[in-house]
Every structure is written in structure tokens, then in C-alpha cells.
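[1] Test case, fold it:
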Amino acid sequence: MNLAYKLRPQNLEEFFGQEHLVGPGKILNRMIQSKTLFSMILWGPPGSGKTTLAYIIAKTTDSDFHALSAVQTGKDDLRKIISIAKDNQENNKKTILFLDEIHRWNKAQQDGLLPHVESSLITLIGATTENPSFEIINPLLSRCRIFVLKGLDEKNLEKILNIALKDKKRGLGKYKKTVTKDAKELLIRLCGQDARIMLNALEIAVTNFNNKEIANEIIKEVFQTRSAGLYDKKADEHYNIVSAYIKSVRGSDPDAALYYLARMLENGEDPKFIARRMIILASEDIGLADRGALIQANAAFEAVHKIG
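    The predicted model follows:
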């Protein structure tokens, strides 16, 4: 088991972030405390706690929890869970189906959920990184509440990091290692608000290096081994590569433009950000030199927005 799995929160007290949903008096907090279930879609970036929140809801409400990945499963897997849910219903037990990456199921597969969600045989908790309005069929959307999760901020990421370093039972406390302030800040920035990435990188740094103190150099080396490079979306290199991409197009150098575009995509840049930059590029740098450029850039943005 990796560190991120070991440290998975077991209740709301251990859950960091999403105060707008699970803070005192907020809707999901009230739902969990009252054990009142309803189907929902959790929409948020990777590592924001969608799976963990679903697990906490199931555990706190004494529900039978079944998790499926939409990438690897289909209607046959759903039928098995529906059969279990019917048995649970006879014994007055609630059934929660957590469907990760629900946007990967096609219309026919999503249609298969409808009668069971409508009859409350199952409580569906779908998780997605994509806009549900574009990816989830309307009949299913109308039967679910949508909750938007935010990427974890630096304060919450630092809390999680400190717990990981101190916890001797589930965390890395037994190694008795420290992380410099600068290294913590770098690790938090490079993880892109994803707690899983941060914890996995921290585990590698602590368990694979003999240093008692983890400094910047070790964090940089760990992220290089992840093939993420040092493409920090909040620091200079991010803007340097974007600028180089724009200058390459402006200078009519297709090879260089493709190179910088590939670097951005390889390192996790949001395609929508790139598509927006292409619209600005077509308008400001190409302009009247090619009147079709703006039309093509807009079409590309629409395609990315709708399909991903």
C-alpha cells in the first residue's frame, strides 16, 4: 500500500479541504450527520478528495459501499451490484455505488443507471474531472446533485504533508526525517494541488534517500524521475514555455511550435489553457495576415471544451 492509501481519511475530522461542502453547517456535512442519502456527482480535479469523500459518506451512513472505475467496467458489473443492492434493500441496508470517472461511460451505460437511481435502490456517487453538463446525460443529471470540489490549497496540503511526516503508524514518522521549508514549498507547488502526487513524491524522497533532511535537490530529482520535469504551472518555466510556443508560431517555425506544444501537454498543461492561448495568438499575432486563423482557433477551443 502506498502512502496516499494509508493516510486516506476515515472521517470528516481527518478530511482536509472542501470546507464549502463539508464545513460545519454545510450541505454535505448535514447530509452525513443526518445519514440522509441522495445521488450526486462530485466534480473536481484529480487529488481533490472525491473518492475519499464518497468513502466517508458510505462509512458514516452505514451503507454498503461498492466502487467501480468507469474505465474498466460496464453493465455486467452494474448488474452484479444491483443484485446485491436488492438483497440489501430487503435487509434495510443502503447501497452506495461509487462510479469513478463516470464521464467515461457512454449514453447506453449511463441509461442503465437511471431506473435504479430513480427508485433509490442505489445511491449513486459519480466522480468526474469533466464538466458534467457535457459528459453526463440529462436524465441522470436531473436525478443527481452536482457538487464542485476545488483543488487543495497550500495550507491544506501543508497540513497533510506534516501529518505524513509525523504519523508513525500510517505515515513516515518512523523514518524520523525532516523536510526543509523551501523543499516543502517546492513539493507543494509541483504537486499541482493534487494530494496524491505530493504524498507519492514525499514517500519516494523519504524512503529512497539516506539524507536525514530532505532538501530542494531531492524534491527536484524525485519529480524528474516521475517524468514530470520541472514544469511548475505557477513558476517561470510555465510561462517561458508558453511564450516560446507563441514566438515559434509567430516566427513561422512549425517544428519548434510542435515541440513546445508537446512539452506543455506531456507535463500536464490544461488543453483548454492552450486552446485559449491559440485564440489570443490568432487574434493578436496573426490577425489579418490569415483571417481564417481565428475561426480555426475558435473551432479548436470548442472541440477541446466539448470533447476534451
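
[2] hang on, Ala195 packs against Ile160?
    Yes. Using CB atoms under 8 Å, Ala195 is in contact with Ile160, at 5.5 Å. No exception for glycine: its C-beta is placed from N, CA and C like everyone else's.

[3] who touches both of those two?
    Here Ala195 and Ile160 have 16, 152 as joint contacts, going by CB atoms under 8 Å, 6 or more residues apart in numbering.

[4] ok, those two, which is more surrounded?
    Neighbours were counted for Ala195 and for Ile160 using other CB atoms under 10 Å; Ala195 has more, 25 against 22.

[5] how near is that one to Thr129?
    15 Å (CB to CB, to the nearest Å).

[6] And Ile219, by the same measure?
    For Ile219, the distance to Thr129 equals 25 Å [CB to CB].

[7] So the two - more neighbours on which side?
    Of the pair Ile219 and Thr129, Ile219 is the one with more neighbours under other CB under 10 Å, namely 26 against 15.

[8] Which other helices and strands does the host helix or strand of Ile81 contact?
    Assessed by DSSP states H and E, Ile81 sits inside helix 75-90. Identification of packing neighbours for helix 75-90 by 3 or more CB pairs under 8 Å, 6 or more residues apart in numbering; DSSP states H and E yields strand 64-69, strand 95-100.

[9] quick one: which of those strands is nearest Gln18?
    strand 95-100 (16.4 Å; CB to CB).

[10] how far does the next helix-or-strand element following that closest one sit from the chain's center?
    Stepping forward along the backbone from strand 95-100, the first helix or strand reached (DSSP H and E) is helix 107-111. With CA atoms, centre = their mean, to the nearest Å as the basis, helix 107-111 stands 23 Å off its chain's centre.

[11] Report the buried residues of helix 107-111.
    109-110 (16 or more other CB atoms under 10 Å).

[12] Next: stretch 202-217.
    Buried residues in stretch 202-217 (16+ other CB under 10 Å): 202-206, 209, 214-215.

[13] what's the most distant pair in those?
    Greatest spatial distance among those (CB to CB): Glu203 and Ala215, at 16.7 Å.

[14] Three-state assignment for Leu124, please.
    strand (DSSP: H, G, I helix; E, B strand; the rest coil).

[15] Isn't it up against Leu97?
    Yes. Between Leu124 and Leu97 a contact is recorded at 5.4 Å, counting by CB under 8 Å.

[16] Counting neighbours, go ahead and name the busier of these two.
    Between Leu124 and Leu97, counting by other CB under 10 Å, Leu97 is the more crowded of the two (27 against 21).

[17] is the more buried one in a bridge, and if so with what?
    Bridge pairing for Leu97 (DSSP bridges) gives the partners His66, Leu124.

[18] check contacts around it.
    66, 68, 78, 81, 85, 122-125.

[19] how much space is there between the residue nearest the centre of the chain and Thr128?
    By CA atoms, centre = their mean, the chain has its centre lying nearest to Pro46, at 1.1 Å. Using CB to CB, we find Pro46 at a distance of 11 Å from Thr128.

[20] Beyond the worst-scoring helix or strand of the chain on mean pLDDT, next helix or strand please.
    Within the chain, no helix or strand scores below helix 236-250, which has a mean of 76 by mean pLDDT, DSSP states H and E. As assigned by DSSP H and E, the chain's next helix or strand after helix 236-250 is helix 254-266.
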